[in-house]
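S.K.: Whatever this is, show me its structure:
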Amino acid sequence: MPRASSAGSKSKTKNAKEEIQVAKSPAEFFAENQAIAGFDNMGKSLYTTLRELVENSLDACESVNVLPDIAVFVEELTMEQFNKERGAVFVEELTMEQFNKERGVSVGGSSAGKRSSGAGAGDNDGDNDGSSAAASKGKKGKGKGKGGGSSAAEGYFRIKVRDNGCGMAHDAIPNLLGRVLSGSKYGVRQTRGKFGLGAKMALIWSKKSTGVPIRVTTSHNTSRSDAARPYGPHVSRCVLDIDIYKNRPRVLEHTKRTNSDCWVGTEFEVLIGGNWTTYKSRIVQYLLQLAIITPYASLELHYKNLADPKKDMSIRYGRRSEQMPPPAREVKHHPSSVNNLLVQQLLDRSKSKTIVKFLTTDLSAVGPSVAKRLVQELEEDGFYDDMSPSDVSDRQITRLVQLLRMSSAFKAPDGTCLSPLGEYNLSLGIRKVVEPDVVATARDKPGAYEGHPFIVEAAVSIGGKSAREGITVYRFANRIPLLFEGGSDVATRVANNKIKWSSYKIDHKRDRIGVFVSIVSTKVPFKGTGKEYIGDDITELQLSVKRALQSCCQQLRSHLTKRNAIRDQKERKNRLNKYVPDISRSLFGILDSMRKRKLAQADGTALLASPRKQKRTRLIGTEVDRTLVGYADELLEKVDREEISEESIGQYLIDAVDAQCDADDGKGGASEHGSGTGKGGDKGGGNGRRLGEISQPLFLVPIYGVSNDVPAIHHPLFTFRPTKTPERWPLEAD
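M.R.: I've put the predicted structure just below:
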């Protein structure tokens, strides 16, 4: 036993010595870790590819201040169609039974079959069942998937994205698309992407899933200011692949021709593997939210299924606004956002001669006086005014960074470098897509965290053509829709937990509430590698979102108060109308009984009423009694002539309810007085106002300095004095 242990130890040592250190290129790293860039599975890869290409097109249009016109074409191919296009032969998957038959093996009678039915029969049966199931699913999904089975919904997709942006320079196309982590968006600036992935990852995924290179057609023009020729002189066409291991483009075709069509823009074409069934709703939702956050863009999606034309679909969101947000500006690093590595990099690249000049020119919010004070604070660490940036040591860099991050002498970033959408455009986008009953927008004051400025814009809508009850949160970061992991996002948590909706007359369970939060920043604090949500652990950002939503709710409160009053009035009216049939039936029954009793009295056959039901004699013989008797006789005659019936009483009550509700609505709320006593009669409470009349507000304002010579009208309850002498005096009734 000891010898065996020693031998095992020697074997491990030998294996450890044989380990080889390997360096991988960025392209190879992301090809192996594609989930970091959003290529988690077949469906997500299709969604991310389409999203990256669309956002590249938006950037291209906005860079030259052109209203975007973006068209997306998705064409689904079966495996057979894909192989035919590639010049390959389609081979149908063989079942285990077909495989054994081709080998001449009998499953039930051969020796091989007998061996398989022995001790290992369980394992072989399991394999046969699995293969048969896969084959069965493959037959059902023939022509729809790449291998049948659980991948029946997977297929091949040709994606084309066309825009009218600035295009790409002919010589720059290979490096722009075929070199990972190379890009023009590095720096302190609000951008949709920073890492130089995007279209490169689409190319990598195309290489992994289909092996088909990407095709690009573009016409380049850096500016549209030249009205005589707002297009490039030629059209470039490039077909390229990527060398994963060397992280460099492999150009297969690179030509250009004269731009006889006067076209400008770019068209990407890529053929990838994907799954439309599982991510169709995500793609549609992405375009819907993109139409909200970019109302100045025209967006189109055309999906075509070559195997089943019935599944074809098209979506179009027209342009609603002609106003584009201003372009974002690049700024220098704020002192509170630096670290040792960044300061070392800035010192190496600086062209300043002294450390004071470096602080004022290579950093923002640092003036000459503040820079000199900083150097004085660091004199004990060897700093002086004429010190060269190249002479700063690592220890001195650490002390400089500590002082920069701790000092409060710098102004906070003001957010002028950012490019928010704007309340006007945000409102237009929501009205165009969601079509709410009412919407309110707000923008909070610019804020900052760790030296990075941010601006929060928010909107709250009520109602909508497809809105559902409760709170629905739409999240945007640097004008990009965020669809995944919404439950952990700062916007969702603030909307659900930090806003007291009832105090703004909003029922967060019954009302159809849309909450829209757009955050722009030079560095959006995403959580996780997928950049799908923003955490709520940054207090400044959380408070800004809360303030913006509260401002929207305050704008909606007055409207909702009126809406709730109308709703309550409608409910009150419905409750009153519910009792109209019973009341009209009872009233008519009473009148009919009185009519029959009167007829019986006229015939002399009327029975004496019980003592409790006998009429009191206090008003008998008076004028009031004669008036009441006259009214009663008139009503009974109308009943006898069938002018008053149960239906007419019901209609009268309905009209009275409508008139009462209209009168209450005219007063701005429910009436505090009694209901009417009859059609056209006075209302109870002694106000003398006719039923159905709308009360007019009366404002009493004291007026000083009125001459005493103006005549007045005296009354036991008031004195009326006009502000000027009437033309006729004394006043006489016409």
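S.K.: Do you know the pLDDT at residue 117?
M.R.: On the pLDDT scale, residue 117 is placed at 43.
S.K.: and the closest residue to residue 234 other than its chain neighbours, backbone torsions?
M.R.: The shortest distance from residue 234 to any non-neighbouring residue, by C-beta to C-beta, 6 or more residues apart in numbering, is to residue 256 (4.6 Å). (Each C-beta comes from the backbone N, C-alpha and C, glycine too.) In terms of degrees, to the nearest 10, the main-chain angles of residue 256 are phi -150, psi 150.
S.K.: For residue 256, list the residues it contacts.
M.R.: 170, 234, 235, 236, 237 (C-beta atoms under 8 Å, 6 or more residues apart in numbering).
S.K.: which regions of the stretch 151-300 of the chain sit below the pLDDT cut-off?
M.R.: Applying pLDDT under 70 to the stretch 151-300 of the chain flags residues 151-153, 183-185, 194-196, 222-229.
S.K.: would you list every one of the strands in it?
M.R.: Shown for the stretch 151-300 of the chain, the strands assigned by DSSP state E, counting those that start in this stretch span residues 154-163, 214-219, 234-243, 248-258, 265-275, 298-305.
S.K.: what lines up beside the last one in the sheet?
M.R.: Pairing partners of strand 298-305, with direction, according to DSSP bridges: strand 69-77 (parallel), strand 313-317 (antiparallel).
S.K.: before we move on, back to that, pull out the buried members of the contacts of residue 256.
M.R.: 170, 235, 236, 237 (16 or more other C-beta atoms under 10 Å).
S.K.: How much space separates the closest residue to the first one other than its chain neighbours from residue 169?
M.R.: Same thing as residue 170. Leaving aside its chain neighbours, residue 170 sits nearest to residue 236 (4.4 Å; criterion: C-beta to C-beta, 6+ apart). For residue 236, the distance to residue 169 (C-beta to C-beta, to the nearest Å) stands at 8 Å.
S.K.: picking up where we left off before, which of the strands of the stretch 151-300 of the chain sits closest to residue 400?
M.R.: Of all these, it is strand 248-258 that lies closest to residue 400, at 37.9 Å by C-beta to C-beta.
S.K.: Sheet-wise, list the partners of the closest one with their directions.
M.R.: Strands adjacent to strand 248-258 in the sheet, as given by DSSP bridges, are strand 234-243 (antiparallel).
S.K.: Rebuild the contacts of residue 256 as JSON lines, extending it with distance to residue 187.
M.R.: Below are those laid out as JSON lines (distance: C-beta to C-beta, whole Å):
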{"residue": "170", "distance to residue 187": "25"}
{"residue": "234", "distance to residue 187": "30"}
{"residue": "235", "distance to residue 187": "31"}
{"residue": "236", "distance to residue 187": "27"}
{"residue": "237", "distance to residue 187": "31"}
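S.K.: Name the nearest of the residues you listed relative to residue 177.
M.R.: Nearest to residue 177 among those: residue 236, at 11.9 Å, using C-beta to C-beta.
S.K.: what's near enough to touch the closest one?
M.R.: 168, 170, 173, 216, 217, 218, 219, 220, 254, 255, 256.
S.K.: out of these, which is most surrounded?
M.R.: Highest neighbour count within the contacts of residue 236: residue 218, with 27 neighbours (other C-beta atoms under 10 Å).
S.K.: doesn't residue 173 make contact with that one?
M.R.: Yes - applying C-beta atoms under 8 Å, one finds residue 218 in contact with residue 173, separated by 7.0 Å.
S.K.: Now do the shared contacts for these two.
M.R.: Taking C-beta under 8 Å, 6+ apart as the criterion, residue 218 and residue 173 both touch 236, 238.
S.K.: Touching both of residue 236 and residue 169, which residues are there?
M.R.: Listed as contacting both residue 236 and residue 169 by C-beta under 8 Å, 6+ apart are residue 220.
S.K.: tell me which helix or strand of this structure sits lowest on mean pLDDT?
M.R.: Of all helical and strand segments in the chain, the minimum by mean pLDDT, DSSP states H and E falls on helix 121-140, at a mean of 41.
S.K.: Quick check: closest non-adjacent residue to residue 486.
M.R.: Spatial nearest neighbour of residue 486, chain neighbours left out: residue 492 (5.2 Å); criterion: C-beta to C-beta, 6+ apart.
S.K.: I'd like to know how far the one you found sits from residue 439.
M.R.: Residue 492 is 19 Å from residue 439, where distance means C-beta to C-beta.
S.K.: Show me where the stretch 251-400 of the chain has its helices.
M.R.: 276-293, 340-349, 355-361, 368-377, 394-406 (DSSP state H, counting those that start in this stretch).
S.K.: Rebuild those helices as CSV, extending it with mean neighbour count.
M.R.: Listed next are the helices of the stretch 251-400 of the chain as CSV, based on neighbours: other C-beta atoms under 10 Å:
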stretch, mean neighbour count
helix 276-293, 19
helix 340-349, 14
helix 355-361, 20
helix 368-377, 15
helix 394-406, 15
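S.K.: In a markdown table, list those helices along with distance to residue 299.
M.R.: Putting those into a markdown table (distance: least, C-beta to C-beta, whole Å) gives the following:
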| stretch | distance to residue 299 |
| --- | --- |
| helix 276-293 | 6 |
| helix 340-349 | 38 |
| helix 355-361 | 42 |
| helix 368-377 | 47 |
| helix 394-406 | 43 |
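S.K.: Out of the ones you listed, flag the one nearest residue 645.
M.R.: Nearest to residue 645, of the helices of the stretch 251-400 of the chain and by C-beta to C-beta, is helix 276-293 at 56.6 Å.
S.K.: What lies in contact with that closest one?
M.R.: 42-44, 46-47, 50-51, 54, 74, 76, 153, 155, 157, 297, 299, 301, 303, 315, 317, 421, 426, 429-430, 432-434, 474, 476, 479-481, 483, 516, 518.
S.K.: Sort out which of the residues you listed are buried, if you could.
M.R.: 42-44, 46-47, 50-51, 54, 74, 76, 153, 155, 157, 297, 299, 301, 303, 317, 421, 426, 429-430, 432-434, 474, 476, 479-481, 483, 516, 518.
S.K.: Among those, which ones are in helices?
M.R.: Using DSSP state H, the subset of the buried ones among the contacts of helix 276-293 located in helices is 42-44, 46-47, 50-51, 54, 426, 429-430, 432-433.
S.K.: so which pair among those is furthest apart in space?
M.R.: 42 and 426 (34.4 Å).
S.K.: residues of stretch 632-647 that come out buried?
M.R.: Quick answer for stretch 632-647 (16+ other C-beta under 10 Å): 636, 639, 644, 646.
S.K.: average pLDDT for the helix or strand harbouring the second one?
M.R.: Element membership of residue 639 [criterion: DSSP states H and E] is helix 623-640. Averaging pLDDT along helix 623-640 yields 72.
S.K.: quick one: low-confidence ranges for this structure?
M.R.: Across the chain, the ranges flagged by pLDDT under 70 are 1-17, 88-153, 183-185, 194-196, 222-229, 604-629, 664-711, 715-719, 721-734.
S.K.: same for the longest helix along the chain, what does it pack against?
M.R.: For the chain, the longest helix by residue count, based on DSSP H, is helix 539-578. On a contact count with 3 or more C-beta pairs under 8 Å, 6 or more residues apart in numbering; DSSP states H and E, helix 539-578 meets strand 438-443, strand 447-449, strand 452-462, helix 490-493, strand 512-521, helix 646-666.
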